[in-house]
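Novice: Got a predicted structure here, sequence first:
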Amino acid sequence: MNILVFVKRVQAAQEEELRIVGDGERVDLSKLPYKINDWDNYALEEACRTVEKLGGQVTAITIGDKEADEVLRRSLAMGAKDGLLLEKPETLLDPVIRASLAYNFLTKEKIKFDVILTGVQAEDDQYGVFGGYLAALLSLPYVSLVCGIEEWSGSYAVVRRELEGGLMERVKVDVPCVLSIQTGINEPRYVSIMGIRKASQIQRKVYDAHQYMDGLSATIEVIKWSYPPRKEGATLLSSDIDTACREILNILREKGVYQ
Amino acid sequence: MSYGLLIADVRRNVFQERNLDLVGFCNLAGIDPYLLLPKGEYEIESSLFKKVLIADVDEDRFLNPLIMVHILEKVIERFKEPFAIVLSASASGMEIAPYVAGYFKVPIVTDVADYDKDSKVFFKSYYSDKVFAHVKLKEEKFYVLTLRSGSFKDHIKSRYEETSQEIIDGFADTDKRIFLGYLEEEKEEVDITKADFLISIGRGVGKKEEIPLYEELALRLRATLSASRPVIDKLWLPKERQVGTSGKTVKPKVYLAMGISGAFQHIQGMKDSECIIAVNKDPDAPIFQYAHYAIVGDMHRIRDRLLEILKGS
Ligand SMILES: Cc1cc2nc3c(=O)[nH]c(=O)nc-3n(C[C@H](O)[C@H](O)[C@H](O)COP(=O)(O)OP(=O)(O)OC[C@H]3O[C@@H](n4cnc5c(N)ncnc54)[C@H](O)[C@@H]3O)c2cc1C
């Protein structure tokens, strides 16, 4: 099984303040730490487990600036055999361009694969478009929100995909195909700093993204940024922990859920 | 007038309520809503639509993106290109929309929460609702949209006295992707949807070792412990405890959210709780927008102090 996994380096924003600069010109992300996109981490783990079981190899591909090499090193440390960087110094905000660029690259370089895995969405822009768009360009079957792979045969796979409210569906899909992977499908392995250091010695291949951008131009643009609309707002409880806790208990009593 | 082609979100013969957002968007944008449905018995209010197009196919094949593109080809052949193809940002919308956009090589904007008709700007969340991007199409041509559930239904205003119905048939089929059946979650021991008081913990909990202390807190407060997705994904609590779109929708008297940022998929599962108390160390956490009471602080310290008080020390 020859598996390509597209991985993205994103900024971890969950615990950070995001400041919008100027009159909505841009979001100041300069102080944010970077990480591998959570969804891609699960996709990578699934790919590694699959080849460990069935043989074959995993190739991690990323689109980004030089620094994006970091997620390739991490992917190699996890078990990928190859790491390919499609280098593009400027950020590509449009998911259509990213998918089209990937398509041009895969076809022009005649990259071979049986399956392409991507994460369901990226934590930063949350588009959730890349895998599906790429699948359509490649004329390959697509399944999204994959939360379980039950069976691989040479010509097809049986997968579970997540729906709403705890419901899932089982889908049989021909190989080659594109699957986008949902979090929780597995438990991604721990990657040590040592492992990443060792992986750094494995040669990664760098391609200039501009070579594959012919005829591609952005279909959308972000003209402004704003904070989400503010609602009425919550009543702020005390910043003193002891007082805050007593206030919580009072609310619980008032609401009749605790005596 | 140009039309919006609405791909109905249906599942197990139920026409999902979030389809109303698609109608609301068309009314807001000033375009005629054409609804595309599979054949079957669906309860719809047809006066909301200018046309109802019934694809001659069962629900499971209708929901297959590989077949959907062929249905759409037929629709476009018959009615010309729509202004937009519009879907819910749901499990089926998330799958069908990008595939359709890629197939027709057109732009796509997903999870749209608002739209300004005059400037033609879409408002879309980035970084789990911490900021919103104002997105514009570079060129005005046909595109694909997915809409955040609940965001547009209040814009519904037009009714059509007559709704015409047409059958769409003669499109290609495929066996490259086949629906095999549904799987229900296993029977649950604890039903979080029945609890009056939920203490819900999120990724902020940090380590598995912290979980027993939250279990103890829940026990002492006679609350039920629930969680956001990352806690469930890490298998720290069973799946039946997950609150959110792909988990359970809950409506307790009190929802005490600790270390949960308030991503939309989580909010959808708990926003109708009678009283929401949120604890988060980040004063800008989106969950505070939905909370009635907010505590900016460390969840573990709050937990420890509550336990101390409850133990009477
Ligand atoms: C199709 C789909 C379906 C999904 N379904 C669901 C679903 O059903 N349910 C669900 O929850 N999510 C769901 N998600 C995931 C969702 O998008 C978010 O990723 C998830 O809800 C984030 O969970 P969180 O708030 O616990 O974590 P994060 O977003 O990582 O937030 C952690 C928060 O904890 C705070 N924090 C950290 N340490 C502390 C501390 N010591 N004290 C206080 N606060 C602290 C941080 O400031 C931060 O706000 C779904 C996603 C997709 C794409």
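Specialist: Great, that's in hand. Since we're looking at a predicted model, the values are computed, not measured.

Novice: And the contacts of stretch B:176-186?
Specialist: Applying C-beta atoms under 8 Å, 6 or more residues apart in numbering or on different chains, the contact partners of stretch B:176-186 are A:141-143, A:158, A:160, A:166-174, A:177, B:12, B:60-61, B:63-66, B:239-240. C-beta: built from backbone N, CA, C; applies to glycine.

Novice: now do 7 Å
Specialist: Contact partners of stretch B:176-186, identified using C-beta atoms under 7 Å, 6 or more residues apart in numbering or on different chains, comprise A:141, A:143, A:158, A:160, A:166-174, B:60, B:64, B:66, B:239-240.

Novice: Pull out the buried residues from that stretch.
Specialist: Residues of stretch B:176-186 classed as buried by neighbour count (16 or more other C-beta atoms under 10 Å in any protein chain shown): B:176, B:177, B:178, B:179, B:183.

Novice: That stretch close to the ligand?
Specialist: No: counting by C-beta under 6 Å from any ligand atom, the ligand is not contacted by stretch B:176-186; separation bottoms out at 12.1 Å.

Novice: One more: stretch B:112-132?
Specialist: Yes: legend: contact between stretch B:112-132 and the ligand by C-beta under 6 Å from any ligand atom is shown at residue B:128.

Novice: buried residues in that stretch?
Specialist: By neighbour count with 16+ other C-beta under 10 Å, stretch B:112-132 contains the buried residues B:112-115, B:121-132.

Novice: low-scoring pLDDT stretches of the chain, where are they?
Specialist: Reading this off chain A. Under the criterion pLDDT under 70, no range of chain A is flagged.

Novice: my question was about chain B
Specialist: Low-confidence segments of chain B (pLDDT under 70): B:1, B:313.

Novice: which residue does the stretch 1-150 of chain A bring closest to the ligand?
Specialist: Residue nearest to the ligand within the stretch 1-150 of chain A (C-beta to the nearest ligand atom): residue A:14, separated by 3.7 Å.

Novice: Excluding chain neighbours, what is closest to that residue?
Specialist: Of all residues beyond its chain neighbours, the one nearest residue A:14 is residue B:261 (5.5 Å), with distances taken as C-beta to C-beta, 6 or more residues apart in numbering or on different chains.

Novice: cool, and residue B:2?
Specialist: Using C-beta to C-beta, 6+ apart and skipping residues adjacent in sequence, the residue nearest residue B:2 is residue B:83, 4.0 Å away.

Novice: my guess is that neighbour meets residue B:3, correct?
Specialist: Yes: contact status for residue B:83 versus residue B:3: in contact at 6.3 Å, counting by C-beta atoms under 7 Å.

Novice: Regarding residue 151, which helix or strand does it belong to?
Specialist: In the absence of a named chain, this looks at chain A. strand A:142-152 (DSSP states H and E).

Novice: cool, and residue A:72?
Specialist: Using DSSP H and E, residue A:72 maps to helix A:69-78.

Novice: Check the offset of whichever helix or strand comes after that helix from the chain's centre.
Specialist: Later in the chain than helix A:69-78, the nearest helix or strand by DSSP H and E is strand A:82-87. Strand A:82-87 sits 16 Å away from the centroid of its parent chain (C-alpha atoms, centre = their mean, to the nearest Å).

Novice: Report the inter-axis angle for the helix or strand that strand A:82-87 is followed by versus strand A:82-87.
Specialist: For strand A:82-87, the following helix or strand on the C-terminal side (DSSP H and E) is helix A:95-108. For helix A:95-108 against strand A:82-87, the angle by axes from the mean of the first three to the mean of the last three C-alpha atoms, to 10 degrees is 130 degrees.

Novice: who touches helix A:95-108?
Specialist: For helix A:95-108, contacts defined as C-beta under 7 Å, 6+ apart pick out A:6, A:63, A:86, A:92, A:127, A:129-130, A:133-134, A:137-138, A:207, A:209, A:212-213, A:216, A:218-219, B:102, B:107-108.

Novice: Can you list the buried residues in it?
Specialist: Of the residues in helix A:95-108, those buried by neighbour count under the rule 16+ other C-beta under 10 Å are A:95, A:96, A:97, A:98, A:99, A:100, A:101, A:102, A:103, A:104, A:105, A:106.

Novice: Turn the residues you listed into JSON lines, columns for distance to the ligand.
Specialist: Shown next, in JSON lines, are the buried residues of helix A:95-108 (distance: C-beta to the nearest ligand atom, whole Å):
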{"residue": "A:95", "distance to the ligand": "14"}
{"residue": "A:96", "distance to the ligand": "19"}
{"residue": "A:97", "distance to the ligand": "22"}
{"residue": "A:98", "distance to the ligand": "18"}
{"residue": "A:99", "distance to the ligand": "18"}
{"residue": "A:100", "distance to the ligand": "23"}
{"residue": "A:101", "distance to the ligand": "23"}
{"residue": "A:102", "distance to the ligand": "20"}
{"residue": "A:103", "distance to the ligand": "23"}
{"residue": "A:104", "distance to the ligand": "27"}
{"residue": "A:105", "distance to the ligand": "26"}
{"residue": "A:106", "distance to the ligand": "25"}
